[in-house]
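Trainee: My questions concern the predicted model and sequence given below.
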Amino acid sequence: MTGPRPTPADVVLIAVLALVIGGLYARFWAPTAAAPTHALVKVGDAEPLRIPLHVDDRLVVTGRLGDSELEVSRGRIRFLRSPCRHKVCIRSGWLHDAHDATACLPNRVSVSMAASDPRYDGISQ
């Protein structure tokens with residue numbers, strides 16, 4: 001047993017809605033954010049450190065378990081060393097796109113990419 005077949009008007013309505021929803025996605029939600037200009041490094045409950053991405057550098061931050069070493073190179077950032085057991089933060093590799101993020105949860109250190117002109121509000125970041 002089959003249900004009623006869609007009419008030509010149903011097909012047109014579905015196509016128009018798909019185009020409108022696709023356009024809204026591309027305009028407001030697609031990952032077309034501005035290129036990242038800095039990284040935010042948060043250690044515990046402290047205010048995030050703002051690390052510029054245009055200067056190649058290495059920095060050490062001290063978390064709950066000890067020192068985590070971060071490397072900035074060619075507009076990217078990554079964990080080089082961390083005292084955690086499973087090293088998930090290191091295996092995350094380079095962060096290079098806007099809103100990329102990783103963390104060393106046992107050491108309470110997180111890193112996220114940010115742009116000077118973010119397209120999203122504070123709630124959606």
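Mentor: Alright, I've got the coordinates. Model, not experiment: these values are computed from the prediction. Residues are numbered from 1 along each chain as shown.
Trainee: SS state for Phe79?
Mentor: Here Phe79 is recorded as strand under DSSP: H, G, I helix; E, B strand; the rest coil.
Trainee: separation between the residue nearest to it when sequence neighbours are not counted and Met113?
Mentor: Spatial nearest neighbour of Phe79, excluding adjacent residues (CB to CB, 6 or more residues apart in numbering): Cys89 at 4.3 Å. All C-beta spots, glycine's among them, are computed from the backbone N, C-alpha and C. Cys89 is 15 Å from Met113, where distance means CB to CB, to the nearest Å.
Trainee: Pro106 contacts Val88, doesn't it?
Mentor: No. Using CB atoms under 8 Å, Pro106 is not in contact with Val88; the gap is 9.4 Å.
Trainee: what sits in contact with each of these two?
Mentor: Common contacts of Pro106 and Val88 (CB atoms under 8 Å, 6 or more residues apart in numbering): none found.
Trainee: picking up where we left off before, and the residue nearest to Phe79, what's its pLDDT?
Mentor: pLDDT for Cys89: 94.
Trainee: in which helix or strand would I find it?
Mentor: Take DSSP states H and E as the rule and Cys89 turns out to sit in helix 88-91.
Trainee: after that helix, next one along is what?
Mentor: Later in the chain than helix 88-91, the nearest helix or strand by DSSP H and E is strand 101-104.
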